[in-house]
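J.: Got a sequence here, can you model it:
(one chain, ligands or ions: 1)
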Amino acid sequence: KVYEDVADLPRLRYDYVVVGGTAGNVVANRLTENPSVSVLVLEAGVSNEGIVDAEVPFLGNDLLTPTGPYSWNYTTTPQTGLNGRTISYARAYLLGGCSSHNGMVYTRGAKDDFDRYAKLTGDEGWSWDQIFPYFLKTEKWTPPADHHDTRGQFNPRIHGTAGPISVSLSGFQWPDFQRRIIQTTEELPHDFPFNSDMNSGQPLGVGWVQSTIGHGERSSSATGYLAPGYIQRTNLDVLLHAHVSKLVNVTQQQGKPRFGGVQFRYGTSLFVAEASKEIILSAGSIGTPQILLNSGIGDHNTLHALGIPTVVDLPSVGQNASDHSYFALTWAVNSNDTMESITQNATRFNEAFDQWNTSRTGPFVFATPGTHAGWLRLSADSPAFEIHPDPSPGYGAPHFEVLFVPSGAGVPGHFISLLMGMVSPVSRGSVAISSGDPFAVPLLDPAYLASEFDVIALLEGVKLAQKFLTAPAWQGYLGAPTVDFAAMNTTEQVVNLRANVLSGSHMVGTASMSARGAKYGVVDPDLKVKGIAGLRVIDASVLPTVPGAHTQAATYVVAERGADLVKQMWT
Ligand SMILES: Cc1cc2nc3c(=O)[nH]c(=O)nc-3n(C[C@H](O)[C@H](O)[C@H](O)COP(=O)(O)OP(=O)(O)OC[C@H]3O[C@@H](n4cnc5c(N)ncnc54)[C@H](O)[C@@H]3O)c2cc1C
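T.: Residues are numbered from 1 along each chain as shown. Next comes the predicted model:
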């Protein structure tokens, strides 16, 4: 049951206490399949239920306003790679975590990503081949809301059909734009080959985007893993508005410290929830390292300076953050088949909303990142490789993502944008605390474009995006770019990049897995925190490097395997 009020919670002692998460609900669901196991999920944010923007795919962007009630309202530290700019950094303050407000793009990443995780951790269980069944386990392939003919747009053999998370192709089309994208893969096949399913482990090329949408509505870890059939379990409790500060009640177990409880603030009072078996942190790439540091798990010198007693000296906590960064190129177009035909026309907007309300069809089932994406590599002779060896995990993995978005400048007119993402960054950032106050806002440094490699590579990516639009398919369609990037010299282009790069919101690595016995890393390959008993991290923060993909699919499989690892230990 989901509780809004701590006073209604039947108890404060459970077998497992899980903190937050997209991943946390997965773990809670799987552990409570055993009726004799009890689980409490503590979530700082509010319920996802009844929030229209969290249900209607087309309105998802509305949730990302930096000052909104459903966001942690984070701002980065001044980014040296962005000329000292600070940027707002979206993180959901909602049940279901970021799966309740994200762009819904469903991409698993490359086989090479997971094979690198296996290599870095020394655990074959993280390899693509062994993780693949977990992708199927999470997924329920669902026909798109418009029931269009999907032949050739995905490969049914590599999708799950019975999992909690609905995945589908877009249920609304932008035919004029889409036809030209596909035509470009035929006209420039060397640079932009068509990929019939980017979720096969071989994502390179351009293809149809799959989204976590079912029957026209967002599918999230809250709607999927806490669906009525699960949340009614008497052994599964979720408490909202429970902001966890730190782990408490340290004892010793077989020579290791063990925390017996999780301290949280509800209203103005502090409470402790006790876990008899394990505490599982699923508070995400910012929340998880913050709770670890608040609890005395981190770099001894830093903790000492803040007056926090060290429980375990683990200098990697909060370090090693890797994230994607994006740059948008926008053109006016000679077509009215763009999102502006709805966003800038109140009558059509209201009609679309009515249509969604009555039938879960129409433009409002469209997720705004678009219906197509490309996954591309730097050229083999790129000057970026003179600065740094190739950071991608292999030749089957991308350096770039390009999202083809049928909208643009936020001014009257019709536009398209190519959103170019740098998805194999060299830069590494951090999440830190600046005070002994566990509720103080953490210092968030994604280190965008901190490495010269990332700047040169992203410039090459932008040129690839421009090349895409040189195909004959775009003749007569494209108007003027909103910013004439092509007319700038390289120095001006770099200034423009640094001034306009956008957050990727895909941070991972701040509680990274590493091999057992390694001198760095935060968790072992079984996701147990190094040097501590009864504590695991199960969320995106354990991924050692950001995959060449949007990160929710990887988060779901970390959670599914993580739940199995917990079960294996206790049965
Ligand atoms: C704006 C945005 C758009 C995105 N778009 C996509 C996309 O289109 N496709 C995709 O695949 N991925 C996308 N992602 C990334 C993806 O959603 C995340 O990588 C994934 O959801 C992370 O899951 P998690 O479990 O690690 O953490 P989160 O989802 O961040 O969950 C952490 C949860 O813990 C709670 N929490 C944190 N601290 C505390 C605390 N101290 N006490 C109690 N609760 C706490 C939070 O409120 C939150 O609910 C996007 C992310 C963002 C932010």
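J.: quick one: the helices in the stretch 201-350 of the chain?
T.: 221-225, 228-231, 284-294, 300-305, 340-343, 346-359 (DSSP state H, counting those that start in this stretch).
J.: Can you add mean neighbour count and give the ones you listed back as a markdown table?
T.: For the C-beta atoms, the positions are set from N, CA and C on the backbone; glycine is no exception. Output for the helices of the stretch 201-350 of the chain, formatted as a markdown table (neighbours: other C-beta atoms under 10 Å):
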| stretch | mean neighbour count |
| --- | --- |
| helix 221-225 | 27 |
| helix 228-231 | 13 |
| helix 284-294 | 27 |
| helix 300-305 | 15 |
| helix 340-343 | 19 |
| helix 346-359 | 14 |
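J.: Compare those helices and give me the one nearest A487.
T.: Closest of these to A487 is helix 340-343, at 25.0 Å (criterion: C-beta to C-beta).
J.: Not counting that closest one itself, show me its contacts.
T.: Residues outside helix 340-343 that contact it (C-beta atoms under 8 Å, 6 or more residues apart in numbering) are F58, R348, F349, A352, P363, S407, G408, P412, G413, H414, F415.
J.: Correct me if wrong: the fourth one contacts F366.
T.: Translated: A352. No. Contact status for A352 versus F366: not in contact, 9.3 Å apart, counting by C-beta atoms under 8 Å.
J.: so what's in contact with the two at the same time?
T.: F58.
J.: closest one to Q79 among the helices of the stretch 201-350 of the chain?
T.: Proximity to Q79, assessed across the helices of the stretch 201-350 of the chain by C-beta to C-beta, is greatest for helix 284-294 (15.8 Å).
J.: so what's the nearest residue to D197 once chain neighbours are set aside up against?
T.: Leaving aside its chain neighbours, D197 sits nearest to N155 (3.9 Å; criterion: C-beta to C-beta, 6 or more residues apart in numbering). Going by C-beta under 8 Å, 6+ apart, N155 touches S196, D197, S200.
J.: for the helices of the stretch 201-350 of the chain, which one sits closest to the ligand?
T.: Proximity to the ligand (C-beta to the nearest ligand atom) singles out helix 284-294 among these, at 2.6 Å.
J.: so does that closest one get close to the ligand?
T.: Yes. Judged by C-beta under 6 Å from any ligand atom, helix 284-294 and the ligand are in contact via G284, S285, G287, I291.
J.: in stretch 415-431, what's buried?
T.: 415-431 (16 or more other C-beta atoms under 10 Å).
J.: Quick one: mark the members of those that sit in helices.
T.: Judged by DSSP state H, helices contain none of those.
J.: quick one on the thing from earlier: of the contacts of helix 340-343, list those near the ligand.
T.: Answer for the contacts of helix 340-343 near the ligand: none qualify (C-beta under 6 Å from any ligand atom).
J.: Can you tell me which of those residues is nearest the ligand?
T.: F58 (13.8 Å).
J.: looking at it, that closest one is touching P369, isn't it?
T.: No. Applying C-beta under 8 Å, one finds F58 not in contact with P369, separated by 11.4 Å.
J.: Could you report the neighbour count for A367?
T.: Neighbourhood size, A367 [other C-beta atoms under 10 Å]: 25.
J.: Helix, strand, or coil at it?
T.: For A367, the assignment made with DSSP: H, G, I helix; E, B strand; the rest coil gives coil.
J.: Tell me the residues of the stretch 151-300 of the chain that contact the ligand?
T.: Counting by C-beta under 6 Å from any ligand atom, the residues of the stretch 151-300 of the chain near the ligand are A242, H243, V244, S282, A283, G284, S285, G287, I291.
J.: list the contacts for the first one?
T.: Residues in contact with A242 (C-beta under 8 Å, 6+ apart) are V6, L42, E43, A44, F264, R265, Y266, F271.
J.: so of these, which ones are in strands?
T.: The strands, defined by DSSP state E, take in L42, F264, R265, Y266, F271 from the contacts of A242.
J.: Taking those together, which two end up most distant?
T.: L42 and R265 (10.4 Å).
J.: For the two, work out which one has more neighbours and name it.
T.: Neighbours per residue, other C-beta under 10 Å: of L42 and R265, the larger number sits with L42, 26 against 17.
J.: ok, back up a step: could you export the helices of the stretch 201-350 of the chain to a markdown table, including columns for mean pLDDT?
T.: Conversion of the helices of the stretch 201-350 of the chain to a markdown table gives the following (pLDDT from 0 to 100):
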| stretch | mean pLDDT |
| --- | --- |
| helix 221-225 | 98 |
| helix 228-231 | 96 |
| helix 284-294 | 98 |
| helix 300-305 | 98 |
| helix 340-343 | 96 |
| helix 346-359 | 97 |
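J.: Generate JSON lines for these, with distance to T150 as supplementary columns.
T.: Shown next, in JSON lines, are those (distance: least, C-beta to C-beta, whole Å):
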{"stretch": "helix 221-225", "distance to T150": "21"}
{"stretch": "helix 228-231", "distance to T150": "28"}
{"stretch": "helix 284-294", "distance to T150": "33"}
{"stretch": "helix 300-305", "distance to T150": "52"}
{"stretch": "helix 340-343", "distance to T150": "23"}
{"stretch": "helix 346-359", "distance to T150": "19"}
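J.: got the angle between the top helix by length along the chain and helix 284-294?
T.: Counting residues, the longest helix found in the chain (DSSP H) is helix 552-570. Helix 552-570 and helix 284-294 are oriented at 50 degrees to each other (axes from the mean of the first three to the mean of the last three C-alpha atoms, to 10 degrees).
J.: do you know how far the residue nearest to D197 is from S127?
T.: 21 Å (C-beta to C-beta, to the nearest Å).
J.: and what of G260?
T.: For G260, the distance to S127 - C-beta to C-beta - is 35 Å.
J.: Check N345 too.
T.: Relative to S127, and taking C-beta to C-beta, N345 is found at 50 Å.
J.: residues contacting the nearest residue to V317 once chain neighbours are set aside?
T.: Counting by C-beta to C-beta, 6+ apart, G298 is the residue found nearest to V317 once chain neighbours are left out, at 4.1 Å. Contacts for G298 (C-beta under 8 Å, 6+ apart) come out as P289, L292, T310, D313, L314, P315, V317, G318.
J.: how many neighbours does A533 have?
T.: By other C-beta under 10 Å, neighbour count at A533 equals 16.
J.: and it, what does it touch?
T.: Applying C-beta under 8 Å, 6+ apart to A533 gives the contacts Q253, Q254, K256, P257, R258.
J.: Buried subset of the contacts of G298, written for ChimeraX?
T.: The command below creates a ChimeraX selection of those among these that count as buried (16+ other C-beta under 10 Å):
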select :289,292,314,317,318
